[in-house]
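Peer 1: one predicted model, sequence on top.
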There are 2 protein chains.
Amino acid sequence: MTQATPTPAQPAGLDFPLVRRTGYLLNKAGSILMEDAERVLMAQGMRLRYFYVLAALDGDLSLSQQDLSRLLHLDPTTMVALIDEMEQAGHVERRRNPSDRRRYILSLTGDGREALERAGSAVDAVEQDFLSAVPEKDRERLRALLGDLLADRWPRVIACE
Amino acid sequence: MTQATPTPAQPAGLDFPLVRRTGYLLNKAGSILMEDAERVLMAQGMRLRYFYVLAALDGDLSLSQQDLSRLLHLDPTTMVALIDEMEQAGHVERRRNPSDRRRYILSLTGDGREALERAGSAVDAVEQDFLSAVPEKDRERLRALLGDLLADRWPRVIACE
DNA sequence: TATTGTTATACTCTATAACTATA
DNA sequence: TATAGTTATAGAGTATAACAATA
């Protein structure tokens, strides 16, 4: 049952009306959670975008670097450096696409899949912790509301930060 | 009544499981909204942090630059440049604090208050538009849930991005 | 002629360190 | 000795432009 404090308690003496906006709270909740997630990923030597690319490469689609950079809205040059890093870490393999030799087919290695799982668990834990302030039923509710809000915001929903 | 799509529709052929996490959706909802807000503020020659400082200075407290930089979690050197800009725009006035001549007392000018109001309206409109996908009652619900989630996250709730 | 991946380069932003004036 | 504000500078991160290979 949600009630009581409609907004976070503010320190005595300070009134910051911004904090009463739903949009402000939404933004803050999202960015605090993301910061926490990035911090836990950092501990695994991984930034959030690294995690996103792992996740994107986990599907069945064969994606090129340009596909990825368009999908995640990251600059192609940034993507080069990122894939370099992932390849060096042994998480991703580049092989030429035989039907268009300009492109790579990128794929996860076993280590990459392992890293994805490990990172996923860590992020899950952060998320669970963050959401623990609210009972299970309300979490479902929250997820549904967010789904509604984002329903027609594709493809921005996938963009990287 | 919220139901139907629990997650945004994904383009055919792509499955991005990340999108089913409540935390991911929360993050995205927040950052999409913030991007939209920043875009509308840009049109007024203002970044989000500019707006935050205006809002912070609107209260009764007399805040120094260091107070502001601690409150909004912005580097003191960044704050100097920001207040310079605001002073030049005629939105903020610096005068020495007579009881500690190292500090300034910063205050909004009439123009500054006007700019705050104008910016506030613009951000409100963005927020209303974003939330319009969800009926009024659910918006209240959302706000309450977010308030609960953030209740014990002070003072991060006020930090600038 | 256009596109993928790449490199080199320029630019923007932020943080670091050092200075001044006050306390 | 410590703090507020300031400046100059270095560093990280990102975008821009030009190039080679392929289509």
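Peer 2: Okay, I see it.
Peer 1: can you confirm whether stretch A:124-138 lies near chain B?
Peer 2: Yes: under the criterion of C-beta under 8 Å from any C-beta of the partner chain, chain B is reached by stretch A:124-138 at A:Asp124, A:Val126, A:Glu127, A:Phe130, A:Leu131, A:Ala133, A:Val134, A:Asp138. All C-beta spots, glycine's among them, are computed from the backbone N, C-alpha and C.
Peer 1: pairing partners for the lengthiest strand in chain A, with directions?
Peer 2: Scanning chain A for the longest strand, with DSSP state E as the assignment, gives strand A:100-108. Using DSSP bridges, strand A:100-108 pairs in its sheet with strand A:92-97 (antiparallel).
Peer 1: which positions in chain A make contact with DNA strand C?
Peer 2: Within chain A, the residues that sit near DNA strand C (C-beta under 7 Å from any atom of the strand) are A:64-67, A:76-77, A:80, A:83-84, A:94, A:102-104.
Peer 1: got the residues you listed as CSV, with distance to B:Gly59 columns?
Peer 2: Shown next, in CSV, are these (distance: C-beta to C-beta, whole Å):
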residue, distance to B:Gly59
A:Ser64, 52
A:Gln65, 49
A:Gln66, 49
A:Asp67, 49
A:Pro76, 45
A:Thr77, 44
A:Val80, 47
A:Ile83, 48
A:Asp84, 49
A:Arg94, 55
A:Arg102, 58
A:Arg103, 56
A:Tyr104, 55
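Peer 1: hmm, back to that, please check the residues of stretch A:124-138 next to chain B and keep the buried ones.
Peer 2: Neighbour counting with 16 or more other C-beta atoms under 10 Å in any protein chain shown marks A:Val126, A:Glu127, A:Phe130, A:Leu131, A:Ala133, A:Val134, A:Asp138 as buried within these.
Peer 1: would you verify that the fifth one is located in a strand?
Peer 2: No: the assignment for A:Ala133, made by DSSP: H, G, I helix; E, B strand; the rest coil, is coil rather than a strand.
Peer 1: so what's it up against?
Peer 2: B:Asp148, B:Leu149, B:Ala151, B:Asp152 (C-beta atoms under 8 Å, 6 or more residues apart in numbering or on different chains).
Peer 1: may I ask which of those residues has the most neighbours?
Peer 2: In terms of neighbours by other C-beta atoms under 10 Å in any protein chain shown, the contacts of A:Ala133 top out with B:Leu149 at 25 neighbours.
Peer 1: thanks a lot, catch you later.
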